[in-house]
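Novice: Need the 3D shape of this:
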Amino acid sequence: MSTPLRARRDEEKEKRRKSILDEAEKVIARRGLEKAHFGEIAQRTRLSRSLVYVYFPTKDDLFHAVCERGLMQLQDRFKQAAASHELGIDQVMAMGRAYAAFSREEPLYFEMMTELQARENASQPASAAEESAERHGQGCLLHVAAALTRGLQDHSVHPGIGDPGATALSIWAFTHGLLQISAKKAVMLETKFKLTQHDMVEHGFALLRSALATGKAAAGGGDGRTLA
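Specialist: Numbers count the residues shown, from 1 in each chain. All right, here's what the predicted structure looks like:
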């Protein structure tokens with residue numbers, strides 16, 4: 001049974017964990033994940049290194065906790081983006097643009113998530129921190145799959161897409177690659193193809209919509225109904 005003392009201790013632990021993560025993000029943003037070390041994080045939080053290890057026993061635990069933060073925020077953005085549109089295809093495209101905004105506004109989280117996605121699945125069992133991050137990542141994909149399912153029902157998404165879950169994975173791979181390349185190769189796009197980063201992303205989104213949508217919705221010609 002919870003007591004006021006227990007509740008206060010839990011609150012203090014959560015505040016301390018948040019403080020460690022806040023400072024860890026600053027260190028990682030400045031030094032990179034590989035060069036970030038617990039000593040500096042402990043110094044910035046004014047805690048002992050041993051206490052930091054209590055909350056995050058390994059650098060992988062810290063990495064996954066940062067990824068979880070980013071994925072939780074992205075999941076909220078997807079939810080809000082989908083809620084502002086009625087047609088399934090418009091929900092999908094709104095989430096794509098929400099992802100683009102996220103990559104610009106939260107570059108550290110986007111970079112950490114890129115690293116998370118690039119890692120091979122370990123042969124050993126996943127840690128609690130890794131499982132938690134993966135759960136929120138799956139939550140993001142479920143929002144996309146739900147929008148695709150809605151689109152199949154309201155006939156704004158072409159039935160030829162197949163399984164919404166598998167299609168959501170393909171959309172994620174396409175969108176993440178599009179955002180990553182348009183950001184990393186901005187100079188090359190400008191000099192070789194006369195494309196701005198924004199132009200490249202918008203062209204990719206237009207292709208994605210034409211591949212998913214039916215009829216006039218493919219050209220963005222749906223009724224565009226939004227929910228107030």
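Novice: can we go C-alpha only for contacts and neighbour counts from here?
Specialist: OK.
Novice: Just the CA atoms of the helix or strand where His176 lies, as PDB, please.
Specialist: Using DSSP states H and E, the element containing His176 is helix 164-184. The C-alpha coordinates for helix 164-184 follow below in PDB (Å, rounded to 0.1, in the frame of the first residue of the first chain):
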ATOM      1  CA  PRO A 164      -1.200  -1.900 -42.900                       C
ATOM      2  CA  GLY A 165       1.400  -3.000 -40.400                       C
ATOM      3  CA  ALA A 166       4.000  -3.900 -43.000                       C
ATOM      4  CA  THR A 167       3.200  -0.800 -45.000                       C
ATOM      5  CA  ALA A 168       3.700   1.300 -41.800                       C
ATOM      6  CA  LEU A 169       7.200  -0.100 -41.600                       C
ATOM      7  CA  SER A 170       7.900   0.700 -45.200                       C
ATOM      8  CA  ILE A 171       6.600   4.300 -44.700                       C
ATOM      9  CA  TRP A 172       8.900   4.700 -41.700                       C
ATOM     10  CA  ALA A 173      11.900   3.400 -43.600                       C
ATOM     11  CA  PHE A 174      11.200   5.700 -46.600                       C
ATOM     12  CA  THR A 175      10.500   8.700 -44.500                       C
ATOM     13  CA  HIS A 176      13.400   8.300 -42.100                       C
ATOM     14  CA  GLY A 177      15.800   7.800 -45.000                       C
ATOM     15  CA  LEU A 178      14.300  10.800 -46.900                       C
ATOM     16  CA  LEU A 179      14.800  13.100 -43.900                       C
ATOM     17  CA  GLN A 180      18.300  11.800 -43.100                       C
ATOM     18  CA  ILE A 181      19.600  12.100 -46.600                       C
ATOM     19  CA  SER A 182      18.000  15.500 -47.300                       C
ATOM     20  CA  ALA A 183      19.700  16.800 -44.100                       C
ATOM     21  CA  LYS A 184      23.100  15.200 -44.600                       C
END
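Novice: Rounded mean pLDDT for that helix, please.
Specialist: Mean pLDDT, taken over the full extent of helix 164-184, equals 95.
Novice: Would you mark the buried spots in it?
Specialist: Neighbour-count burial for helix 164-184, with 16 or more other CA atoms under 10 Å as criterion, is recorded at 164-165, 167-169, 171-172, 175-176, 178-180, 182-183.
Novice: same check, this time on stretch 154-167
Specialist: His155, Ser156, Val157, His158, Pro159, Pro164, Gly165, Thr167.
Novice: Could you measure from the residue nearest to the fifth one when sequence neighbours are not counted over to Ile89?
Specialist: If you skip the residues right next to it in sequence, Pro159 has Leu152 as its closest partner in space, 6.1 Å away by CA to CA, 6 or more residues apart in numbering. Shown here: Leu152 relative to Ile89, a distance of 9 Å by CA to CA, to the nearest Å.
Novice: Which of those two has more residues huddled nearby?
Specialist: Using other CA atoms under 10 Å, the more surrounded residue of Leu152 and Ile89 is Ile89, with 31 against 23.
Novice: So the more buried one sits against His158, correct?
Specialist: No: with contact defined as CA atoms under 8 Å, Ile89 does not count as touching His158 (9.4 Å).
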